[in-house]
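Q: Quick check, what structure comes out for this input:
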Amino acid sequence: MTQATDNPFLTDDELMRYARQVLLEGWDIEAQLRLKSSRIVMIGAGGLGCPASETLVRAGLGQVHLIDDDEIEASNLQRQSLFMPSDIGRAKALTAAKMLNQINPLIKARGSVARLTLDNAYELLELAAGKPDLLLDCTDNFATRDIINRISVRYQIPLLSASAIAMQGQLALFEPQLHSGCYHCVFGGMDAAVDERTCANSGVLASTTAIMGNLQANAALQYLGVGNNPLTGKLLLWDGSRMQQRLMGYRQDAQCSVCAL
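A: The predicted structure is shown next:
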């Protein structure tokens, strides 16, 4: 079967697969075509990357490039839903991409076993061939998120950043081309103790990553399909222990060392 991402129209197979989606008010065939033509880069193929990428691929995202330099461990299986016990020891990015292609053969998923840095970003993101439509930050530490944010600002690529730890999560969609603020504007003042919190040293409930990954996918679908950023100028805060969700406003920091230069 020829992969449908090479076809500028919806094939019969795609119309059948996405039938319930194109029936939605505010989401039609044109939105589905925009999603089909979209290319994203997802950094992190773990607790957030697995549910986010699976939902996007099932919905008909055209191309996803997963970047992760980690290998699958037994402790990952509690929440990283694209992996099986037989996958332990294998590269996360390659294993996840293979599974995504099996879930939906009408899309294109691939993985790179690498750590994204400021030095290799141009080559790894394949910017010579054009910018991806969206970067998805699915990592689990502040230092890596800061690097991804700097790449987003440097190359003017929208950044959808999610985090999940314990029973709490955060989500924001930054558009550097609008000069409305970046990840550093919101989190640049975090202290070292907070910066070092990860799932490995602080724990995470399986449902937390599943919920935050799917909230991330929800925002990506709206942004890619209908051009709507449901989080403009807002940081979503989710608290699973209280089953509460709230939005906190932010704006560009005029003194931000990353985006206000």
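Q: At which residues are the helices of the protein located?
A: Assigned helices in the chain, in chain order: 12-17, 19-22, 29-36, 49-59, 92-103, 121-124, 142-155, 183-187, 192-195, 199-202, 206-226 (criterion: DSSP state H).
Q: and the ones you listed, which is most packed in?
A: Mean neighbour count, computed with mean count of other CB atoms under 10 Å, is highest for helix 49-59 among these, reaching a mean of 25. (Each C-beta comes from the backbone N, C-alpha and C, glycine too.)
Q: same question for that one, mean pLDDT?
A: This predicted structure assigns helix 49-59 an average pLDDT of 98.
Q: In contact with the spatially closest residue to residue 177 that is not a sequence neighbour, which residues are there?
A: On the basis of CB to CB, 6 or more residues apart in numbering, the spatially nearest residue to residue 177 that is not a chain neighbour turns out to be residue 156, at 5.0 Å. With contacts taken as CB atoms under 8 Å, 6 or more residues apart in numbering, residue 156 has the following neighbours: 131, 176, 177.
Q: Could you point out which of the helices of the chain sits nearest residue 168?
A: Closest to residue 168 of the helices of the chain is helix 206-226 (CB to CB; 7.1 Å).
Q: Tell me which other helices or strands the closest one touches.
A: If you count contacts as 3 or more CB pairs under 8 Å, 6 or more residues apart in numbering; DSSP states H and E, helix 206-226 packs onto helix 29-36, helix 49-59, strand 134-137, strand 159-165, strand 168-174, strand 234-239.
Q: tell me what the fifth one is packed against?
A: Looking back up the chat, that one is strand 168-174. Identification of packing neighbours for strand 168-174 by 3+ CB pairs under 8 Å, 6+ apart yields strand 159-165, helix 183-187, helix 206-226, strand 234-239.
Q: quick one: low-confidence ranges for the stretch 51-200 of the chain?
A: 189-200 (pLDDT under 70).
Q: 50 instead?
A: 191-193 (pLDDT under 50).
Q: quick revisit: now the helices and strands packed on strand 168-174 in a markdown table, with distance to residue 33?
A: Conversion of the helices and strands packed on strand 168-174 to a markdown table gives the following (distance: least, CB to CB, whole Å):
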| stretch | distance to residue 33 |
| --- | --- |
| strand 159-165 | 21 |
| helix 183-187 | 31 |
| helix 206-226 | 9 |
| strand 234-239 | 28 |
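Q: quick one: which of those is nearest residue 114?
A: When the helices and strands packed on strand 168-174 are compared for distance to residue 114 using CB to CB, the nearest one is strand 159-165, at 18.4 Å.
Q: re earlier: considering the contacts of residue 156, which possesses the most neighbours?
A: In terms of neighbour count, residue 176 stands highest of these at 21 neighbours, by other CB atoms under 10 Å.
Q: residue contacts, it?
A: With contact taken as CB under 8 Å, 6+ apart, residue 176 is in contact with 152, 153, 156, 157, 158, 159, 182, 259.
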